[in-house]
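J.: any chance you could fold what I've pasted below:
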Amino acid sequence: MESLGTFLKSRRGRITPADIGLRTYGTSRRVPGLRREELAQLAGVSAGYYTRLEQGLAETASEQVLDALARALRLDQVETAHLHNLARQSASPSLREPGPEEPHPRVLTLLESLGEATPAIVLGRRGDVLAWNRTGHALVAEHLSFEAPHDLALRPSIPRMFFLDPLTRDLYRNWRELARVHVAYLRLTAGRYPTDARLAGLIGELSMRSDDFATMWATGDVSDCTVGAMHLRHPTVGAVNVDYQVWLQPDSPGHRVEIYTPDDATSAEALRALARQDSGDDEPEPRPKCCVTVRASLAASPTATTCCHCPARGV
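T.: Residues are numbered from 1 along each chain as shown. Next comes the predicted model:
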């Protein structure tokens, strides 16, 4: 996953001496950001202690020290929480295989109450789709089976889809912006659940199989994706612009309900068309059964598969 020292080093590297009014008198510097001793001075700790902390040699760090480092590094609220999460971890946390995630019944009731006019999906801690309504499914993954979230072997993984599924990548006009958000949120989740073996496996898999993911992960960025904009080129209804907002679930803190609302009149009509399509009022030509199975398998599994019926779509 990620150590406290790695995160501190990445955040130290993004602050230049000029950012804090430090005069360098034209001397050459071997590091792009602050030196360890400079950060230590800003935070009010000894350079030796900070060096041990960054190298993983210090046993503990108090909340006061962590908050002082966060202020010196100009961390925002989410980054500060991540810093504290990392500090609470052991040097080498023992990974455990978690049980399958299931959405709380109240979440499913909420999803049903939204109806089909409002697209929505329920996401687990690793970005797996635990449930969706039909319009949410049609908006973000119409090439997958609607029933896929109910099958643990085929349950769609949004991070895998974003980085390993060419159809998903083509769906988003602002793919790179959204991809960075997904990576930053995975880092936040990794700090919250350091012993999750499946999460560690997902991060390792994406780092090995996607150069884009590896590059974005190396930045060290962390954020909590709660609101934002999605610009889609939908294969059925064309250009769609929606805003997403996330509702957190107190009973299942790692679970989120992601709801999409139209950003303009054209997008609103496109969502209504998707809702009509999935209600049976405007039934599209069905996809080959093999295509549905192959795409669901690709989203859930690290093994890429080619469907002979869909060469033009790059499947």
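
J.: test my guess that Leu123 contacts Val129.
T.: Yes. Applying C-beta atoms under 8 Å, one finds Leu123 in contact with Val129, separated by 6.4 Å. Using the backbone N, CA and C atoms, a C-beta is placed for each residue, glycine as well.

J.: overlap in contacts of those two?
T.: Listed as contacting both Leu123 and Val129 by C-beta atoms under 8 Å, 6 or more residues apart in numbering are Ile158.

J.: for Asp19, see how far away Pro32 is.
T.: With distances taken as C-beta to C-beta, to the nearest Å, Pro32 is found 12 Å from Asp19.

J.: phi, psi for the residue nearest to the spatial centre of the chain please.
T.: Nearest to the mean C-alpha position of the chain, by C-alpha atoms, centre = their mean, lies His182 at 2.5 Å. Per-residue torsions, His182: phi -60, psi -40 (degrees, to the nearest 10).

J.: how about it, what does it touch?
T.: Going by C-beta under 8 Å, 6+ apart, the list of residues near His182 reads 127, 158-159, 162, 225.

J.: so which residues of the stretch 101-250 of the chain form helices?
T.: Secondary structure of the stretch 101-250 of the chain (DSSP state H, counting those that start in this stretch): helices at 105-113, 134-141, 158-164, 166-171, 175-192, 197-209, 211-218.

J.: residues near the residue lying closest to Pro262 once chain neighbours are set aside, how many?
T.: Leaving aside its chain neighbours, Pro262 sits nearest to Ala268 (3.8 Å; criterion: C-beta to C-beta, 6 or more residues apart in numbering). When neighbours are defined as other C-beta atoms under 10 Å, Ala268 has 16 of them.

J.: show residues contacting the host helix or strand of Ala268.
T.: Assigning secondary structure by DSSP states H and E places Ala268 in helix 265-278. If you take C-beta under 8 Å, 6+ apart as the criterion, helix 265-278 is touched by 116-117, 119, 134-135, 137-139, 234, 236-242, 260, 262, 282-284.

J.: in it, what counts as buried?
T.: Neighbour counts over helix 265-278 (16 or more other C-beta atoms under 10 Å) mark 267-268, 270-271, 273-275, 277-278 as buried.

J.: thinking again about what came up before, got JSON lines for the helices of the stretch 101-250 of the chain, with distance to Gly13 and mean pLDDT too?
T.: Shown next, in JSON lines, are the helices of the stretch 101-250 of the chain (distance: least, C-beta to C-beta, whole Å; pLDDT from 0 to 100):
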{"stretch": "helix 105-113", "distance to Gly13": "40", "mean pLDDT": "91"}
{"stretch": "helix 134-141", "distance to Gly13": "35", "mean pLDDT": "96"}
{"stretch": "helix 158-164", "distance to Gly13": "25", "mean pLDDT": "97"}
{"stretch": "helix 166-171", "distance to Gly13": "29", "mean pLDDT": "96"}
{"stretch": "helix 175-192", "distance to Gly13": "16", "mean pLDDT": "95"}
{"stretch": "helix 197-209", "distance to Gly13": "19", "mean pLDDT": "96"}
{"stretch": "helix 211-218", "distance to Gly13": "11", "mean pLDDT": "96"}
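
J.: what's the closest of those to Glu97?
T.: When those are compared by C-beta to C-beta, helix 197-209 sits nearest Glu97, at 4.9 Å.

J.: of all the helices of the stretch 101-250 of the chain, which one is nearest Arg11?
T.: Arg11 lies closest to helix 175-192 among the helices of the stretch 101-250 of the chain, at 12.0 Å (C-beta to C-beta).

J.: what's the angle between that closest one and helix 211-218?
T.: Interaxial angle, helix 175-192 versus helix 211-218 (axes from the mean of the first three to the mean of the last three C-alpha atoms, to 10 degrees): 50 degrees.

J.: what comes up buried for helix 175-192?
T.: Buried, per 16+ other C-beta under 10 Å, within helix 175-192: 175, 178-191.

J.: and for stretch 60-67?
T.: 61, 65-66.

J.: alpha carbons of it, as PDB, please.
T.: These are the backbone C-alpha positions of stretch 60-67, laid out as PDB (Å, rounded to 0.1, in the frame of the first residue of the first chain):
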ATOM      1  CA  THR A  60       5.200   6.900  17.100                       C
ATOM      2  CA  ALA A  61       4.100  10.400  16.100                       C
ATOM      3  CA  SER A  62       1.700  12.400  18.300                       C
ATOM      4  CA  GLU A  63      -1.400  14.000  16.900                       C
ATOM      5  CA  GLN A  64       0.200  17.400  17.700                       C
ATOM      6  CA  VAL A  65       3.300  16.600  15.600                       C
ATOM      7  CA  LEU A  66       1.200  15.300  12.800                       C
ATOM      8  CA  ASP A  67      -1.000  18.400  12.800                       C
END
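
J.: list of residues touching that stretch?
T.: 4, 43, 45, 53, 80, 83-84, 87.

J.: quick check, nearest of these to Pro250?
T.: His84 (20.4 Å).

J.: what secondary structure does that closest one sit in?
T.: helix (DSSP: H, G, I helix; E, B strand; the rest coil).
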